[in-house]
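A.B. asks: Need coordinates for the following:
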Amino acid sequence: MEPRSVKQALDDPKWKSAMEFEFAALLRNNTWSLVPLPAGGKLLGASGYFASNTMMMVSTALRDLGFTTTKSDVSVFVRHTSSSLTYVLIYVDDILITGRSKSEISDVIQRLDSAFALKDMGPLHYFLGIQVTKTSDGGLLMTHSKYVQDLLLKAGMSGCKLCYTPLPSTLKIQATGGVEFANPHMYRSVVGSLQYLTITRPELAYNLDKASPTSLLTLKAYYDFDWTGDPNDCKSVGGFCVYLDRNLISWQYKKQGLVARSSTEDEYRALADLVVELIRIKGLISELKWSVSEAPMAYCDNQNAVLLAANPILHSKTKYFDIDLHFLRDYVARNEI
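C.D. replies: Next up, the predicted model:
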């Protein structure tokens, strides 16, 4: 169980030792400079500076080792040689390294350690609240078991029994008229924690929106929107999910920012957003030196939206969303979607 406060962490010898190691590494890496507080100045949290400074330091070291940043995600680095392919993922001061050659991975770790202080945690088991288990067929199983237990403890529900409470897809929640939550701060905190949980539990996305070697791959997506689905402002709600082969890799459920004057307009704008996500994913796959077997497929249940993507004649239905119309049609015409 992770400590709930600094005092609990300092009372645990193992946590105290880990904190001392981290602090020593920050000093060795010259993460900050200690200067007097200017007269009249106020202290601010330094997490943003710490994150950007650490990212810059690690990025510089990786580029010196021949890595390049992907255009689709600045935290992903790739090094491709004739004999190996190595990936590095950075999140603040946490680093994941993987690739086809164990010797190449060990070499990268040693070279990074010579550039700045780091600790090799061994094979991946736990990262950013996600538990990772290697399966017998060589795959990885990601779960949030420990994260969920900590969240239940935070919400005072660790002793509660399991109860299935599916949320009806036709539920309409009004912004006013209900009973106020007794602890709004706790409510927002729990909802925020649940949003992070959707990384391994995407089926929670709908409920949360209501509360707040080289092989060929196939990329396909499904999307749907409920026109004027929010009874408070008549804005549409819905989302999409993207699959790489049989693996769900991206999803979204949200309320549209504008009121759509027709269901076709609403579906087409949502489809344009989905295309942007497909382009980003396809670009990232390409930069990781993998290949997609064919143009990504996007499936929807609105026939007008499908026809508009290929037919420039239906002008009467497009005058309110011309930009999205031409953006999407260009990609369909080039057989990229």
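A.B. asks: Helices along the chain, start to end?
C.D. replies: Along the chain, the segments classed as helices by DSSP state H run 6-11, 13-28, 47-64, 102-115, 145-154, 184-197, 205-211, 263-287, 303-310, 322-333.
A.B. asks: So, low pLDDT: which residues of the stretch 101-250 of the chain?
C.D. replies: Counting by pLDDT under 70, the ranges of the stretch 101-250 of the chain that qualify are 169, 171-178, 199-200, 202-216, 228-229.
A.B. asks: on that earlier part again, among the helices of the chain, show me which one is buried the most.
C.D. replies: Greatest average neighbour count among the helices of the chain goes to helix 263-287 (a mean of 20), per mean count of other C-beta atoms under 10 Å. The way it works is simple: take the backbone N, C-alpha and C, and place the C-beta from them, glycine included.
A.B. asks: elements contacting that one?
C.D. replies: When contacts are defined as 3 or more C-beta pairs under 8 Å, 6 or more residues apart in numbering; DSSP states H and E, helix 263-287 packs onto strand 76-80, strand 219-226, strand 237-244, strand 247-255, strand 291-292, strand 297-299, helix 303-310, helix 322-333.
A.B. asks: tell me the angle the second one makes with helix 263-287.
C.D. replies: Yep, that's strand 219-226 we're talking about. 160 degrees (axes from the mean of the first three to the mean of the last three C-alpha atoms, to 10 degrees).
A.B. asks: List the neighbouring strands of strand 219-226 plus their orientation.
C.D. replies: Partners of strand 219-226 in the sheet, by DSSP bridges, are strand 237-244 (antiparallel), strand 297-299 (parallel).
A.B. asks: Show me which residues of the shortest one are buried.
C.D. replies: Spelled out, that is strand 297-299. A298 (16 or more other C-beta atoms under 10 Å).
A.B. asks: ok, and what's touching it?
C.D. replies: 218-223, 271, 274-275, 278, 337 (C-beta atoms under 8 Å, 6 or more residues apart in numbering).
A.B. asks: for the residues you listed, which one is nearest V242?
C.D. replies: A221 (4.4 Å; C-beta to C-beta).
A.B. asks: how deep is the closest one tucked in, by neighbour count?
C.D. replies: For A221, the number of neighbouring residues by other C-beta atoms under 10 Å comes to 22.
A.B. asks: For it, which non-adjacent residue is closest in space?
C.D. replies: In this structure, A221 finds its nearest non-sequential neighbour in V242, 4.4 Å apart by C-beta to C-beta, 6 or more residues apart in numbering.
A.B. asks: Now do the one you found against R201, distance only.
C.D. replies: 17 Å (C-beta to C-beta, to the nearest Å).
A.B. asks: who's more crowded, these two?
C.D. replies: Just comparing V242 and R201: by other C-beta under 10 Å the higher neighbour count belongs to V242, 22 against 14.
A.B. asks: I'd guessed the more buried one sits against V275; true?
C.D. replies: No: shown here, V242 and V275 do not form a contact pair, counting by C-beta atoms under 8 Å, at 11.0 Å.
A.B. asks: re the thing from before, for the helices and strands packed on helix 263-287, give me TSV that also has distance to L284.
C.D. replies: Output for the helices and strands packed on helix 263-287, formatted as TSV (distance: least, C-beta to C-beta, whole Å):
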stretch	distance to L284
strand 76-80	7
strand 219-226	11
strand 237-244	10
strand 247-255	10
strand 291-292	11
strand 297-299	17
helix 303-310	24
helix 322-333	17
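A.B. asks: Point me to the residue sitting farthest from the middle of this protein.
C.D. replies: For the chain, the residue at maximal distance from the C-alpha centroid (C-alpha atoms, centre = their mean) is A39, at 41.0 Å.
A.B. asks: would you turn the helices of the chain into JSON lines with distance to C160?
C.D. replies: Output for the helices of the chain, formatted as JSON lines (distance: least, C-beta to C-beta, whole Å):
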{"stretch": "helix 6-11", "distance to C160": "23"}
{"stretch": "helix 13-28", "distance to C160": "28"}
{"stretch": "helix 47-64", "distance to C160": "33"}
{"stretch": "helix 102-115", "distance to C160": "43"}
{"stretch": "helix 145-154", "distance to C160": "7"}
{"stretch": "helix 184-197", "distance to C160": "13"}
{"stretch": "helix 205-211", "distance to C160": "17"}
{"stretch": "helix 263-287", "distance to C160": "36"}
{"stretch": "helix 303-310", "distance to C160": "43"}
{"stretch": "helix 322-333", "distance to C160": "45"}
